[in-house]
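**Student:** Pasting a predicted model and its sequence here:
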There are 4 protein chains.
Amino acid sequence: MNDYSFIFLKGSKVLKKTTKPKYKQIIDAAVVVIAENGYHQSQVSRIAKQAGVADGTIYLYFKNKEDILVSLFHEKMGEFIEKIEAEIAGKTSAAEKLLTLVEKHFELLSADHHLAIVTQLELRQSNKELRHRINEVLKGYLRTIETIIQFGKENGEFNPNLDVRLARQMIFGSIDETATTWVMNEQKYDLSALAKDVHALLVNGCGKTRQ
Amino acid sequence: MNDYSFIFLKGSKVLKKTTKPKYKQIIDAAVVVIAENGYHQSQVSRIAKQAGVADGTIYLYFKNKEDILVSLFHEKMGEFIEKIEAEIAGKTSAAEKLLTLVEKHFELLSADHHLAIVTQLELRQSNKELRHRINEVLKGYLRTIETIIQFGKENGEFNPNLDVRLARQMIFGSIDETATTWVMNEQKYDLSALAKDVHALLVNGCGKTRQ
Amino acid sequence: MNDYSFIFLKGSKVLKKTTKPKYKQIIDAAVVVIAENGYHQSQVSRIAKQAGVADGTIYLYFKNKEDILVSLFHEKMGEFIEKIEAEIAGKTSAAEKLLTLVEKHFELLSADHHLAIVTQLELRQSNKELRHRINEVLKGYLRTIETIIQFGKENGEFNPNLDVRLARQMIFGSIDETATTWVMNEQKYDLSALAKDVHALLVNGCGKTRQ
Amino acid sequence: MNDYSFIFLKGSKVLKKTTKPKYKQIIDAAVVVIAENGYHQSQVSRIAKQAGVADGTIYLYFKNKEDILVSLFHEKMGEFIEKIEAEIAGKTSAAEKLLTLVEKHFELLSADHHLAIVTQLELRQSNKELRHRINEVLKGYLRTIETIIQFGKENGEFNPNLDVRLARQMIFGSIDETATTWVMNEQKYDLSALAKDVHALLVNGCGKTRQ
DNA sequence: CATGAATGAGAGTTCATTCAT
DNA sequence: GATGAATGAACTCTCATTCAT
């Protein structure tokens, strides 16, 4: 699990080689510790231990404990959005873009069970101020969704009278609720398999009303 | 606001008269304190003070602090479901039932700003175990939603192939996300006014796919 | 040493009787702990233990650790000044008043070795802000000295051109330096025995210059 | 202010030239940092930064943090005593010697505001053991004062029955208290101007008792 | 039933010092 | 000699819960 540090002998010299910079090392450790022990049982010293550094070292890279969490979300959400946007760019219809988004969203969560627990459950235990900071990060993702909706409205795929904000809340709310339910059920079933059906509901919802 | 305790003079005697049993008194106090100070600033002593009782008295009515929160949710959610089900019963179509549910849901949150903050934001800061217990309470509501969906499938209003669970997640997720966004925006706009549009998205989503 | 709490059996009941209020109990414990371990080795938990209370109890009576120290000084210095002023009041000449002050000052320090260490050495290790607060308390004593000087100037005992402030600094500085030297020498000699000679130096210093 | 390090260009090379040995550089930095930030805010890293060296470098010149302080006092007090003794040597009477000492003492403190703060206030916050070591350094100065008193006793200027130790405590205590009061009043008035009057009080105090 | 003083376990953060480079 | 990233021990204060009255 601690894939970030090796001790090996070369001739008569002991080398300690760290493949990841400590910053990432600590964030990855935080994901594991928070996922396994819960937000409130994740003492700084525990994260430090998991990261294989001293307690004090944490404070060379993060202002305080809360800063670890915001950074964690920033870092991971950043990758998240990046990957999703890259995939979406290649799709031509709003429906396809949305399908890609849902599929990728579920796929990325499925790929990292620890991260799934942290983002769907543990990070929401933070206080109001921290949650506002996390929401700032989230905004990038919400804008991506709104861009798809707008695109769909303009090319005639979606109802032209759609309230973009409400539609975005439906889309994100549905995806998020589905993911949270999956995590609370201990990820027992295949989340990715639900993508198509969830997508159908969403596209249907955004589509033109039948007369 | 503190409608549960009166101090008044009668002759030369000071009487303290409590109209509600202490149990409800404490729960109402908890809603106010948590809404105004946030989950983590809501010490038992603060709730006791707001309720006008001694710290120790809390423990005559609740097992521990967590029990106040679960009871709070139980109590309030109970009323919530009761009121909504009463209204729904009178409606004949699934679409109408769903509209009533969304309208009532938004209306009840709008009517009690403190409760809205507590259920949408503060209670989610609780730990995993507490959240599981809160989810137990929530299940009654989720079942109500599923009953409507099933009804719609059976009477031909909704797509007969609808995955009830996924549809429920879309419906609850959309309503919840809309409510949370409204609370995080400090309840600045009229939530109830959104009910119709949200309902349209949901019904559309559950409806028969256009060929 | 812990003369403040008794446990005794009466019939079949265990009574815990506290003769001093906890506030004083804690202050007295602080004097002992600080004197014996030094200011920086006097953790709150150590003071609590010495006082026979729980750590948390300290915070029912004091805002924080610093508050213990200021309160300690306030309390003890208050008694100090009170006792000295009571004795001085009965004296008719400035020289007598000053002798009483020096004698009493040395006597009170000699009577409480722990307090002597705390006031002469340990309390001076506090930071600038705390020292300013302590100085506020000290001002009462300094004013008492200035009142004696003024009295002596007016009744012709002292040089009428005396700068009251400088004379006060000489008097307090001499007394304080003598006491500090005595404490730093581990109180090995009789401080009170020096009172007469110190007094002679001071009165001589304040007296009319010989032509 | 940072007169100890120059950065200048010579040809195309950047040279860092240090005119003082690092030892003095660090001590001077410590005086500035302690005076400006207070004893407890003067972390080793801060002193290193002010001195323009790495944290680790400090430990090439000083055993530990405490050693910086003792060395600081040693160094500065050494100069102090040297200068004062040089001036005193030229004076013929005890009174004149004492006047020179007081004048010079006040003058030297006035000339270096940072040093004044450090010696009168900040260094006293050190713990008992450090203060004992500082006192060792101070002894040289106290002996100088005692020598003057002895001289005065022997040549008939002072009371032949004078207790040298007590007289020294009065003299040092008065000077020190006057200086400390001046520093605590933020050096707002002219300390040197007080030398004559303080001296008069001291000489008067040591002088022969009037009939 | 009701009180509220007392409890005491628990954790984030700082900073003097080290040592591999 | 010089560096500065890393270390890890140490300590104040909070607050849910108890229990004698």
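**Tutor:** Nice, thanks for sending it over.
**Student:** Could you report the distance from the closest residue to chain D within chain A to residue A:53?
**Tutor:** Closest approach between chain A and chain D, counting by C-beta to the nearest C-beta: residue A:60, at 12.2 Å. Where C-beta positions appear, they are placed from N, C-alpha and C, glycine not excepted. Between residue A:60 and residue A:53 the distance, using C-beta to C-beta, to the nearest Å, works out to 9 Å.
**Student:** So between the two, which is more surrounded?
**Tutor:** residue A:53 (19 against 11; other C-beta atoms under 10 Å in any protein chain shown).
**Student:** Please give the element, helix or strand, for the spatially most central residue of chain A.
**Tutor:** Centroid check for chain A by C-alpha atoms, centre = their mean gives residue A:77 as the closest residue, at 4.6 Å. Residue A:77 is part of helix A:65-89 when elements are defined by DSSP states H and E.
**Student:** is any part of that helix close to DNA strand E?
**Tutor:** Yes. Interface with DNA strand E: helix A:65-89 contributes A:65-66 (C-beta under 7 Å from any atom of the strand).
**Student:** Can you list the buried residues in that helix?
**Tutor:** A:68-73, A:75-77, A:80-81, A:84-85, A:88 (16 or more other C-beta atoms under 10 Å in any protein chain shown).
**Student:** which parts of the next helix or strand after it are buried?
**Tutor:** Proceeding N to C from helix A:65-89, the next assigned helix or strand is helix A:94-111, under DSSP H and E. Judged by neighbour count (16+ other C-beta under 10 Å), helix A:94-111 contains these buried residues: A:94-110.
**Student:** What residue spans form the domains of chain A?
**Tutor:** With automatic domain parsing serving as the domain definition, the record reports that chain A contains domains spanning A:1-62, A:65-211.
**Student:** list the contacts for residue A:181?
**Tutor:** With contacts defined as C-beta atoms under 8 Å, 6 or more residues apart in numbering or on different chains, the neighbours of residue A:181 are residue B:169.
**Student:** for it, helix, strand, or coil?
**Tutor:** helix (DSSP: H, G, I helix; E, B strand; the rest coil).
**Student:** Where does the closest residue to residue A:170 other than its chain neighbours fall, secondary structure wise?
**Tutor:** If you skip the residues right next to it in sequence, residue A:170 has residue B:174 as its closest partner in space, 4.1 Å away by C-beta to C-beta, 6 or more residues apart in numbering or on different chains. Following DSSP H and E, one finds residue B:174 within helix B:164-184.
**Student:** In chain A, which helix is the longest?
**Tutor:** When every helix of chain A is counted residue by residue (DSSP state H), the longest turns out to be helix A:128-154.
**Student:** and the residue in chain A that DNA strand F sits nearest to, how many neighbours does it have?
**Tutor:** Scanning chain A for the residue nearest DNA strand F gives residue A:56, at 1.6 Å (criterion: C-beta to the nearest atom of the strand). One way to gauge burial is a neighbour count; for residue A:56, by other C-beta under 10 Å, it gives 9.
**Student:** what helices or strands is the helix or strand harbouring it leaning on?
**Tutor:** For residue A:56, the host element (DSSP H and E) is helix A:55-61. Under the contact criterion of 3 or more C-beta pairs under 8 Å, 6 or more residues apart in numbering or on different chains; DSSP states H and E, helix A:55-61 touches helix A:22-37, helix A:44-51.
**Student:** Which one of the ones you listed lies nearest to residue A:150?
**Tutor:** Checking the helices and strands packed on helix A:55-61 against residue A:150 by C-beta to C-beta gives helix A:22-37 as the closest, at 33.4 Å.
**Student:** Any residue of that closest one touching DNA strand E?
**Tutor:** No. Remark: helix A:22-37 sits outside contact range of DNA strand E, by C-beta under 7 Å from any atom of the strand, the gap being at least 9.9 Å.
**Student:** Can you tell me how far the residue of chain A closest to DNA strand F is from residue A:75?
**Tutor:** With distances defined as C-beta to C-beta, the gap from residue A:56 to residue A:75 amounts to 22 Å.
**Student:** The closest residue to residue A:205 other than its chain neighbours sits in which helix or strand?
**Tutor:** Closest residue in space to residue A:205, ignoring its immediate chain neighbours: residue B:205 at 3.1 Å, by C-beta to C-beta, 6+ apart. Following DSSP H and E, the helix or strand that holds residue B:205 is helix B:195-206.
**Student:** Now do that helix: distance to the chain's middle.
**Tutor:** Averaging C-alpha positions (C-alpha atoms, centre = their mean, to the nearest Å) puts helix B:195-206 21 Å from its chain's average.
**Student:** and it with helix B:94-111, angle?
**Tutor:** Inter-element angle recorded for helix B:195-206 and helix B:94-111: 140 degrees (by axes from the mean of the first three to the mean of the last three C-alpha atoms, to 10 degrees).
**Student:** what angle separates helix B:195-206 from helix A:164-184?
**Tutor:** Counting by the same axes, to 10 degrees, helix B:195-206 points 60 degrees away from the direction of helix A:164-184.
**Student:** Thank you kindly, that will do.
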